[in-house]
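Undergrad: Give me the fold of what follows.
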Amino acid sequence: MAARYIEIKNSIKDDILSGRYQVGEKLPSERELAPVYGVTRVTIQKSMHMLEQEGFIERIHGKGMFVANTLAENVYFLNDGPSDAFLGFSREFGSKANITSRLVSQQLITAPEHIIKALNLTRDAQVHAIRRVRLIDTVPVLVEDSWIVQAVIPVIPASVLDKGSLYEYIERLTHKKIKFYNSVIEASLFDETLASLLDVAVNSPMLKVTGTTKLDDGSLFNYSCSYNRADKFRVKNNWVGK
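TA: All right, here's what the predicted structure looks like:
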């Protein structure tokens, strides 16, 4: 059963899609919605935040929440706001949809030159080289390549890569939080190999995201490159002026 805030989000989303609320129309306040759904304002805030993430509403400071979109696009946002920890794909989107993975390859290799430079490794360092297809509600949306330092994470079971959350496993194994993630996002096109994994046309638009990840003690442990379908993802930056 879905969490209550997800049920409420879906209910309000259905009202928007059905035309009950129009673009530009102001929605009832969180204080007004809480008794309608029989929940606290905190629960309503979670629901409205998800609608804002999905692009259906816009929050204007001092004025309220307004309908921004009335079309169902099934689009997800990358870099959506600050966090005190980096969640990873499964945990970031797990509250919004059913997230699954398909393991393509996994092997232990000597780190290639670009991984040595990215993670400050020695020449003989070993890394787990992993390729996975990630799916949202059974639809393949991205291919993810990861190079994880074996000295930090000795063993990674295939079952974790296929069915679980890799970052959740790493936090349990190391007893440390995954705290820092630096990334670069650029536009590109899918080549034949990547396109076939996602069942999209060759040269379809892609958002390519490369980055390094650290544990909260500062240990660099992962270099990743994800190839995201541009029809499924957008980049969102939050900026507040003073």
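Undergrad: pLDDT below threshold where in the protein?
TA: 1-2, 70-97, 234-242 (pLDDT under 70).
Undergrad: For residue 14, which three-state class applies?
TA: Here residue 14 is recorded as helix under DSSP: H, G, I helix; E, B strand; the rest coil.
Undergrad: Next one: it from residue 145, what distance?
TA: 37 Å (Cβ to Cβ, to the nearest Å). C-beta coordinates here come from the backbone N, C-alpha and C atoms, glycine included.
Undergrad: Next: residue 226.
TA: From residue 226 to residue 145 the distance is 7 Å (Cβ to Cβ).
Undergrad: Tell me which residues of stretch 199-211 come out buried.
TA: Within stretch 199-211, the residues that count as buried by 16 or more other Cβ atoms under 10 Å are 200, 206, 207, 208, 209, 210, 211.
Undergrad: how about the second one, secondary structure?
TA: Same thing as residue 206. On the basis of three-state DSSP, residue 206 is classed as strand.
Undergrad: My read is that it contacts residue 186, right?
TA: No - at 9.1 Å, residue 206 does not count as touching residue 186 under the criterion of Cβ atoms under 8 Å.
Undergrad: the more surrounded of residue 14 and residue 145?
TA: Remark: of residue 14 and residue 145, residue 145 carries more neighbours, 17 against 11, as counted by other Cβ atoms under 10 Å.
Undergrad: give the contact list for the more buried one.
TA: Listed by Cβ atoms under 8 Å, 6 or more residues apart in numbering, the contact partners of residue 145 are 129, 130, 131, 224, 225, 226.
Undergrad: quick check, the second one in a helix?
TA: No - judged by three-state DSSP, residue 130 forms no part of a helix; its state is strand.
Undergrad: Which residue comes closest to it once chain neighbours are left out?
TA: Closest residue to residue 130 apart from its sequence neighbours, by Cβ to Cβ, 6 or more residues apart in numbering: residue 146 at 4.5 Å.
Undergrad: What helix or strand is that neighbour located in?
TA: strand 139-149 (DSSP states H and E).
Undergrad: Now do the helix or strand that comes right after that strand: which elements does it pack against?
TA: Note on strand 139-149: by DSSP H and E, the next helix or strand toward the C-terminus is helix 158-163. Other helices and strands packing on helix 158-163, by 3 or more Cβ pairs under 8 Å, 6 or more residues apart in numbering; DSSP states H and E, are strand 99-110.
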